[in-house]
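Peer 1: What follows is a predicted protein model with its sequence.
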Amino acid sequence: MPYADEVLALLPTIDVRLIEAKVPLANAKKLQQILPNLIEEYVLTGAQSLAVQALPPVPGRPALQRVIALIDRAWLTWLTKQLEGLLSPRVRLIPECLLLNDSESEVVNAAAPDVAYQ
């Protein structure tokens, strides 16, 4: 299998819940500890069944206003096992809804297969 410096894996939008919330300024370790408490009012189930990640602050907006991504922990564990075989030191998971449309790429060649490598 080929080696890659970085892998970008697209997540279906339906599998990720994005919440905009006020997040206190804290270092990364402390932020990971307080995120489950911040999302309790937005979810019906407990936060322990979810993987929670704060996205970087949006330029031009207050640093306290952040987008928080929620993913089912069991599904994320399964996905992680599927991606273990990749020869890459870094794998990024990006929800499809965060991609920008490129007006030139709207024309899709149906004859070309969608493969990452050949």
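Peer 2: Yep, that arrived.

Peer 1: Now do the buried residues in stretch 84-104.
Peer 2: Neighbour-count burial for stretch 84-104, counted by 16 or more other C-beta atoms under 10 Å, picks out 86, 93, 95. C-beta here means a position set from N, CA and C on the backbone, and glycine is covered the same way.

Peer 1: What of stretch 8-24?
Peer 2: Residues of stretch 8-24 classed as buried by neighbour count (16+ other C-beta under 10 Å): 11, 16, 17, 19, 23.

Peer 1: cool, and stretch 52-62?
Peer 2: With burial defined by 16+ other C-beta under 10 Å, the residues of stretch 52-62 counted as buried are 52, 53, 54.

Peer 1: Among those residues, which ones are in strands?
Peer 2: Cross-referencing the buried residues of stretch 52-62 against strands under DSSP state E gives 52, 53, 54.

Peer 1: what are the bridge partners for the last one, then?
Peer 2: Beta-bridge partners recorded for residue 54 (DSSP bridges): residue 68.

Peer 1: Quick check: it touching residue 22?
Peer 2: No. When contacts are counted by C-beta atoms under 8 Å, residue 54 is not listed as touching residue 22 (11.3 Å).

Peer 1: could you give the mean pLDDT of whichever strand or helix holds residue 21?
Peer 2: Secondary structure from DSSP states H and E places residue 21 in strand 16-22. Taken as a whole, strand 16-22 has a mean pLDDT of 89.

Peer 1: For this protein, just list every one of the helices.
Peer 2: 28-39, 73-83 (DSSP state H).

Peer 1: sorry, back to before: now do the strand holding residue 21: which elements does it pack against?
Peer 2: In terms of contacts (3 or more C-beta pairs under 8 Å, 6 or more residues apart in numbering; DSSP states H and E), strand 16-22 is packed against helix 28-39, strand 65-72.
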